[in-house]
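Asker: no FASTA, just this:
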Ligand SMILES: CC(C)(COP(=O)(O)OP(=O)(O)OC[C@H]1O[C@@H](n2cnc3c(N)ncnc32)[C@H](O)[C@@H]1OP(=O)(O)O)[C@@H](O)C(=O)NCCC(=O)NCCS
């Protein structure tokens with residue numbers, strides 16, 4: 001039987017996800033979006049309700065962490081995890097539901113990836129990390145060993161987090177920032193070393 005998928009969110013992030021879904025064996029892919037003006041995404045049709053698509057799997061491709069959590073929590077069906085075949089996943093790594101792991105990402109041994117997490121292109125997560133639900137590790141960002149990234153926290157592209165650091169929930173780490181100590185308060189952190197905006 002054909003593998004079929006609805007990708008919720010007709011966006012650039014969704015398009016990248018569709019590429020990964022195809023490589024994961026999905027042959028029939030449609031996008032869902034609540035904007036009735038969106039009719040197609042690239043080669044894919046955009047639907048505006050789920051009727052007639054009950055036999056499709058579901059993935060939530062919303063980049064904003066809070067919105068992704070909110071939408072995921074009101075879906076009454078499982079949300080699949082998509083892993084690009086070039087990603088490298090170590091031993092004893094646990095990966096939740098609704099996760100996408102993009103091309104050339106690396107997740108080293110003992111790390112735990114929560115539900116709804118985005119591990120973007122070429123990001124690396126070293127050993128024994130905890131990446132909490134709905135966090136986003138952006139393109140080419142790197143976390144060293146035994147790092148925690150809190151729920152809904154965003155690590156911008158090419159940011160680095162040194163080993164043994166914990167970042168609280170709802171933090172935003174700027175592109176290119178280097179985090180060298182725990183972040184205990186939600187907010188935006190910029191620069192080298194990263195400081196609260
Ligand atoms: C950090 C960030 C969220 C700040 O956005 P913002 O709250 O709108 O902040 P502003 O653009 O008003 O910038 C505030 C100040 O920080 C500086 N700044 C912003 N981003 C910065 C960065 N990444 N590194 C260094 N300085 C930065 C701005 O130049 C500005 O400085 P000024 O006050 O001296 O003029 C945003 O710039 C950023 O880095 N986003 C990450 C994007 C990303 O990685 N996307 C990847 C998706 S895969």
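Answerer: Yep, it's here. Quick caveat: nothing in here was measured; it's all calculated off a predicted structure.

Asker: correct me, but residue 180 touches residue 191?
Answerer: No: counting by Cβ atoms under 8 Å, residue 180 stays clear of residue 191, with 10.9 Å between them. Every residue, glycine included, has its C-beta placed from N, CA and C.

Asker: how near is residue 134 to residue 67?
Answerer: Between residue 134 and residue 67 the distance, using Cβ to Cβ, to the nearest Å, works out to 9 Å.

Asker: please say which of those two ends up with more neighbours.
Answerer: residue 134 (31 against 14; other Cβ atoms under 10 Å).

Asker: what residues does the chain put near the ligand?
Answerer: 120, 138, 139, 156, 157, 172, 174, 175, 176, 188, 190, 191 (Cβ under 6 Å from any ligand atom).

Asker: please pull out the lowest mean pLDDT helix or strand from this structure.
Answerer: When the helices and strands of the chain are scored by mean pLDDT, DSSP states H and E, strand 40-41 comes last with a mean of 94.

Asker: helices or strands up against it?
Answerer: helix 12-23 (3 or more Cβ pairs under 8 Å, 6 or more residues apart in numbering; DSSP states H and E).

Asker: for the helix it packs on, which helices and strands make contact with it?
Answerer: So helix 12-23, by 3+ Cβ pairs under 8 Å, 6+ apart, packs with strand 3-8, strand 26-32, strand 40-41, strand 82-83.

Asker: mind listing what's buried along it?
Answerer: For helix 12-23, a neighbour-count test (16 or more other Cβ atoms under 10 Å) marks 13, 14, 15, 16, 17, 18, 20, 21 as buried.

Asker: okay, which residue is most central for this structure?
Answerer: Centroid-nearest residue in the chain, with Cα atoms, centre = their mean: residue 118, separated by 1.1 Å.

Asker: so what's the nearest residue to residue 182 once chain neighbours are set aside up against?
Answerer: Among residues not flanking residue 182 along the chain, residue 166 sits closest, at 4.9 Å (Cβ to Cβ, 6 or more residues apart in numbering). Going by Cβ atoms under 8 Å, 6 or more residues apart in numbering, residue 166 touches 147, 148, 150, 182, 183.

Asker: quick check: the gap between residue 166 and the ligand.
Answerer: Relative to the ligand, residue 166 is positioned 20 Å away (Cβ to the nearest ligand atom, to the nearest Å).

Asker: same check on residue 108?
Answerer: In terms of Cβ to the nearest ligand atom, residue 108 sits 21 Å off from the ligand.

Asker: try residue 107
Answerer: 17 Å.

Asker: also residue 85?
Answerer: For residue 85, the distance to the ligand equals 20 Å [Cβ to the nearest ligand atom].
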